[in-house]
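Trainee: The sequence and its predicted three-dimensional model are supplied below.
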Protein chains: 2
Amino acid sequence: MTPGPTQVPEAARLVLARQVRHHRTADARATLAEALDGLRYVFRTANDVVLLSCSGTGAMEAAVVNSVPRGGKAIVLDAGVFAHRWSDICQAFEIEVVRHAVEWGSAIEADDVAALVCRHSDASAVFGTLMESSTGVAHDIEAIGAAIRSSAAGRDRVPLWIVDGISGAAVIPCETDAWGVDVLVVGSQKALMLPPGLGVIAASEAAWQQMERITPQAFYFNLLAHRRKLRGAQGEGPDTPYTPAHTLIAALAENLKLIRETGIENVWKRSDVLSAATRAGVEAMELKIFAKRPAAGLTAVEFPPGLDGSALLQRLEQRFGLKLAGGQGRLKGKIFRIAHLGMLDELDILGTLAALELVLHEMHFPVTLGSGVAAASQYLASHSMPASPLIA
Amino acid sequence: MTPGPTQVPEAARLVLARQVRHHRTADARATLAEALDGLRYVFRTANDVVLLSCSGTGAMEAAVVNSVPRGGKAIVLDAGVFAHRWSDICQAFEIEVVRHAVEWGSAIEADDVAALVCRHSDASAVFGTLMESSTGVAHDIEAIGAAIRSSAAGRDRVPLWIVDGISGAAVIPCETDAWGVDVLVVGSQKALMLPPGLGVIAASEAAWQQMERITPQAFYFNLLAHRRKLRGAQGEGPDTPYTPAHTLIAALAENLKLIRETGIENVWKRSDVLSAATRAGVEAMELKIFAKRPAAGLTAVEFPPGLDGSALLQRLEQRFGLKLAGGQGRLKGKIFRIAHLGMLDELDILGTLAALELVLHEMHFPVTLGSGVAAASQYLASHSMPASPLIA
C-alpha cells in the first residue's frame, strides 16, 4: 500500500519473462507505437510522447535540461520532497531558481503563481507537482496553468508549465492538453504498474518549439534526438536513438490495454472512491489527515501524539505483511501514507483500516475496533466504484 | 547471433516475472550488494562499482560528465561508431575533443596515444573502446593504459583512462585494476545477458578523486551521489539515490551466479574458441575478415563483391530465423557481424556457418557446401572449450 512501486499485473509479468527480442525490428517498433498510443490516451494528449530508459528522476532531468537553457531562470513551486527535487536538478545545471515554497501539507495557490510569473518575466518555465506524494497534496494543475498563461499574456513567450506527474498521473485527473500542461513527466512504477526503469515525457507543441530554441545540456536525455527517432522514416514506425528498455515497453503495452479496458475516467473514479472511503475511515478512528488539499491517490495521516510511529509501521508489516509508507525528510516519524494507486480495490482499503485498528488497539491507543472499517464501508455502500479488469 | 541484446537465461527470466518488491528494504539492499560483488568479480576490480538505471549510452554520459569538467579537454580514440559516440557526448557538454581517428577496421596503436598524451598535457581523460562492435576490432587496453601513464609520468595528474566495455567486457579479457583502467562502462544487454536498462560503471580511486575535484554537469548521473548511497549508513548495505530498476538488479544477481560458476577466465576462453572456429570457417569459405585486430567477441566479415548483402541477411532470417547484424554507418552493406556473446555454444557457430553456406549457395555464390563447417569443426576438434552451466 505504498505510493510505488505498485503491484504488476500478471499479463505484464509474463511478458517480462519472455525471451528478449532484438529492438531494431518491425515487431519492436509496432510494440513501441502501441505503447506510445496508449500513453497518449492515458495522459489525455494528442502530442508527441517520449519514452526514456531511466527512473522518474531521469525524466525530470530531461524536462529541465531541454526546457531551460544554462543560465536561464525557472520558477519552482515547492510543496514537498519531490517538488524540491526540481530545484536540485536546476541547480546542478546552473539554472537560476525562483523558489516558491509553502508549508508542507499545503497546496500552491494559483494566485501566488500568477504574481510570480508577473514578477519574473524572464523565467523559461514553471515547475510543479500534480500529486506531491510526500504530503498527500493534490494541486490544481488547471488553475495554475491558467494563471501562468494569463499573467504572461501579451508577452512573446509564455513560460512552460512543467508538471511532475510521476505518482499522480493516471491516478487523479490530469487533462494534459486541455489544462495547458506543456511537459508532463511520469515514471513506470506507479499508476502504469510496471517495475521501475521507464520514464515518460508528454510535451506540447509550445514545449517542442522552446526545445528547438535552446542548446540542451543533454545527450542521453536530448528529447529532440528522441523525437526525431520516434517520428522515424516514412512508414517505418517509431524508433529510439539508443537501446531502449524494450522488455518494459512490451509490458507497458500490456498494462495500457488493461487501463483502456477500464477507461481512464474510471481509473480516476476508482482512486477517488477508495481515497474518500479511506479518509472517512481514518477520521472515524479520530486520526488526522495531514494534507489540506488531499489527493485521491494518497492519504497522508498524522501519527497521533505520543504514539511511536515507526513501531506502528513495523507491527503492520510484521503481523500482516502490510507495508505503509512513513514520512520523508522532515515528516519522518510524523505521518504515514496509504496509497490508492494501481491494482487496489475496496477490500485492500478495508483490510488496511482493520489492520490499523488492531495494531493501534494493541499499542493501547484508544480506538473503537471496527469504527474505521464501518465508516469506510458506509461510504462504499453509497458510492459505487467502476469495475476494472485489473481486479480479475 | 547479434552483438546484443543477448539471450537471457531462464533463471533470470523467472526473476523478472516475480511480483515487484519495494526497493527500500533490507532484502533489496542485500540483492544490490550481491550484484555489486558479482560485478567486481566479473570486471576484475576491487573498487566501487555503480549501477545506473539507463542503457549503455547513459552510462557513457555518466563517465564523461563526472570525469571532465565543462570547458575541459578529452582525447577520444575513434575506431568506429561507438568510439565516435564519446565525441558526441563530450561535445554536447561543451568539452573540447582531441579526436584521434583510425581507418575503420584498424585498431588504435598505443604509441600514437602516447604521443597524443604528451602533446595534450591538459586533457582530463582518454576515451577508448574495449571491443569496437561496429568493426569487430579489439583494443590493447593494457598497452594503451601503460602508454597514457608513461607519457604523463611526472605530471601532477595523469589523464583518466576511460573504456567503453559495453559489448566487450566479460566477453574478452579486461583486467580493469591490473591494466589501469580508471573507468569501465558496461551495459546489461550484452555479456551480462539481461534485457537492456542497466548501466555499470567501475571506477578507480584516481577516478573518484578526479570526480571530487570537478563540478559535474549531472544530476541523475552524478556518480558521487550514487557512491554516497552505495556506501550507505553503517551496516545498512548499499542503496541508490533514486528508484533503481531493481527487478533487473535481481535478475543480474542471478546471472552473475552463472558467470561465477563458469569462471570469468572460462567465459573469456569460450569466446576465444568460438571466435577462432568462426574465423577458420569464414576463411575456408573464402570470405574476408574485416577487422585487422579481430575481437574474440565478434567476427565482422566483408560481403563478397557483387553479392547483395541485405538480401543475404534477410534470407538467413527468413529461412532459418537466424539474425546476424549488418554494418553500421559507412559500413552498411559492406560487412556483416557474427557475435560470440552470452549463452552461445559450438553448435550455434556451426549452425550459423552451415546456414551461411546454404544461403550463399542459393544466391549462386561459389561456395563448397560444408567447407566452412569442416574448418570450424577441425578447429573445435583440437581446441577444447570450458564447460558452462549457461549451456545446460
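Mentor: Great, that's in hand.

Trainee: Could you check which helix or strand contains residue A:364?
Mentor: For residue A:364, there is no host helix or strand (DSSP states H and E).

Trainee: Share the number of residues neighbouring it, please.
Mentor: Close neighbours of residue A:364, defined as other CB atoms under 10 Å in any protein chain shown, add up to 8. In short, each C-beta sits where N, CA and C put it, glycine included.

Trainee: now do residue A:118
Mentor: 12.

Trainee: next helix or strand past whichever strand or helix holds it?
Mentor: Secondary structure assignment for residue A:118, by DSSP H and E: helix A:110-119. Per DSSP H and E, the first helix or strand lying C-terminal to helix A:110-119 is strand A:123-129.

Trainee: hmm, back to that, run through who's touching the helix holding residue A:118.
Mentor: Under the criterion CB atoms under 8 Å, 6 or more residues apart in numbering or on different chains, residues A:75, A:77, A:98, A:100, A:123, A:126, A:140, A:143-144, A:146-148, A:150-152, A:159 lie in contact with helix A:110-119.

Trainee: Could you rerun that using 6 Å?
Mentor: A:75, A:100, A:143-144, A:147-148, A:151-152 (CB atoms under 6 Å, 6 or more residues apart in numbering or on different chains).

Trainee: of all the residues in chain A, which ones are close to chain B?
Mentor: A:5, A:8, A:13, A:16-17, A:20, A:53-55, A:57-58, A:61, A:89, A:92, A:195-197, A:217, A:219-220, A:242-243, A:245, A:247 (CB under 6 Å from any CB of the partner chain).

Trainee: Could you identify the longest helix within chain A?
Mentor: helix A:264-284 (DSSP state H).

Trainee: Past it, which element shows up next along the chain?
Mentor: Counting by DSSP H and E, what follows helix A:264-284 is strand A:288-289.

Trainee: what mean pLDDT would you report for that next one?
Mentor: Taken as a whole, strand A:288-289 has a mean pLDDT of 98.

Trainee: Give me the distance from it to the chain's centre.
Mentor: Strand A:288-289 sits 22 Å away from the centroid of its parent chain (CA atoms, centre = their mean, to the nearest Å).

Trainee: Can you list the strands that that strand pairs with?
Mentor: Strand pairing for strand A:288-289, using DSSP bridges, gives strand A:298-302 (antiparallel).

Trainee: how about the nearest residue to the closest residue to chain B within the stretch 201-350 of chain A, chain neighbours excluded?
Mentor: When scored by CB to the nearest CB, the stretch 201-350 of chain A has residue A:245 as its residue closest to chain B, at 3.6 Å. Nearest non-adjacent residue to residue A:245, counting by CB to CB, 6 or more residues apart in numbering or on different chains: residue B:197, 3.6 Å away.

Trainee: Am I right that that neighbour sits in a strand?
Mentor: No - if the criterion is DSSP: H, G, I helix; E, B strand; the rest coil, then residue B:197 is coil and not within a strand.

Trainee: wait, what's in contact with it?
Mentor: A:53, A:197, A:245, B:245, B:248.

Trainee: Which of the residues you listed fall within strands?
Mentor: Of the positions in the contacts of residue B:197, not one sits in strands, assigned by DSSP state E.

Trainee: Output those residues in CSV, with distance to residue B:366 and pLDDT appended to each entry.
Mentor: What follows is these, written out as CSV (distance: CB to CB, whole Å; pLDDT from 0 to 100):
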residue, distance to residue B:366, pLDDT
A:53, 45, 97
A:197, 49, 97
A:245, 44, 95
B:245, 50, 95
B:248, 47, 97
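
Trainee: Looking at those, spot the one nearest residue A:203.
Mentor: residue A:53 (17.5 Å; CB to CB).

Trainee: The nearest residue to the closest one once chain neighbours are set aside and residue A:20, how far apart?
Mentor: Using CB to CB, 6+ apart and skipping the chain neighbours, the partner closest in space to residue A:53 is residue A:245 (4.1 Å). Going from residue A:245 to residue A:20 by CB to CB, to the nearest Å gives 11 Å.

Trainee: okay, these two: which has more neighbours?
Mentor: residue A:245 (32 against 20).

Trainee: Dihedrals phi and psi, the more buried one?
Mentor: phi -80, psi 70 (degrees, to the nearest 10).

Trainee: Which parts of chain A are strands?
Mentor: Under DSSP E, chain A gives strands at A:49-52, A:73-78, A:96-101, A:123-129, A:131-132, A:137-138, A:160-164, A:183-187, A:199-203, A:288-289, A:298-302, A:325-326, A:335-339.

Trainee: could the ones you listed go into TSV alongside distance to residue B:67 and mean neighbour count?
Mentor: Listed next are the strands of chain A as TSV, based on distance: least, CB to CB, whole Å; neighbours: other CB atoms under 10 Å in any protein chain shown:
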stretch	distance to residue B:67	mean neighbour count
strand A:49-52	23	26
strand A:73-78	27	24
strand A:96-101	27	17
strand A:123-129	29	28
strand A:131-132	35	32
strand A:137-138	40	25
strand A:160-164	30	28
strand A:183-187	28	31
strand A:199-203	25	28
strand A:288-289	48	15
strand A:298-302	40	26
strand A:325-326	36	20
strand A:335-339	39	26
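
Trainee: Tell me which of the ones you listed lies nearest to residue A:252.
Mentor: Among the strands of chain A, if distance is taken as CB to CB, the winner is strand A:49-52, at 7.9 Å.

Trainee: packing partners for the closest one?
Mentor: helix A:26-42, strand A:199-203 (3 or more CB pairs under 6 Å, 6 or more residues apart in numbering or on different chains; DSSP states H and E).

Trainee: Tell me the strands beside it, with direction?
Mentor: strand A:199-203 (antiparallel).

Trainee: The contacts of helix A:110-119 into a markdown table, with extra columns for pLDDT?
Mentor: As requested, the contacts of helix A:110-119 are exported to a markdown table (pLDDT from 0 to 100):
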| residue | pLDDT |
| --- | --- |
| A:75 | 98 |
| A:100 | 98 |
| A:143 | 98 |
| A:144 | 98 |
| A:147 | 98 |
| A:148 | 98 |
| A:151 | 97 |
| A:152 | 96 |
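
Trainee: nearest to chain B, of these?
Mentor: Using CB to the nearest CB, those come closest to chain B at residue A:75, 18.4 Å.

Trainee: Can you tell me how far the closest one is from residue A:230?
Mentor: On the measure of CB to CB, residue A:75 and residue A:230 end up 29 Å apart.

Trainee: residues near residue A:314, how many?
Mentor: Neighbours of residue A:314 using other CB under 10 Å come to 13.

Trainee: scratch that, residue A:111 is what I was asking about
Mentor: Quick note: residue A:111 (other CB under 10 Å) scores 12 neighbours.

Trainee: ok, it to chain B distance?
Mentor: Here residue A:111 is placed at a distance of 31 Å from chain B (CB to the nearest CB, to the nearest Å).

Trainee: circling back: mind putting the strands of chain A in JSON lines, distance to residue A:29 included?
Mentor: Shown next, in JSON lines, are these (distance: least, CB to CB, whole Å):
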{"stretch": "strand A:49-52", "distance to residue A:29": "13"}
{"stretch": "strand A:73-78", "distance to residue A:29": "35"}
{"stretch": "strand A:96-101", "distance to residue A:29": "39"}
{"stretch": "strand A:123-129", "distance to residue A:29": "32"}
{"stretch": "strand A:131-132", "distance to residue A:29": "33"}
{"stretch": "strand A:137-138", "distance to residue A:29": "37"}
{"stretch": "strand A:160-164", "distance to residue A:29": "29"}
{"stretch": "strand A:183-187", "distance to residue A:29": "22"}
{"stretch": "strand A:199-203", "distance to residue A:29": "18"}
{"stretch": "strand A:288-289", "distance to residue A:29": "47"}
{"stretch": "strand A:298-302", "distance to residue A:29": "36"}
{"stretch": "strand A:325-326", "distance to residue A:29": "38"}
{"stretch": "strand A:335-339", "distance to residue A:29": "34"}
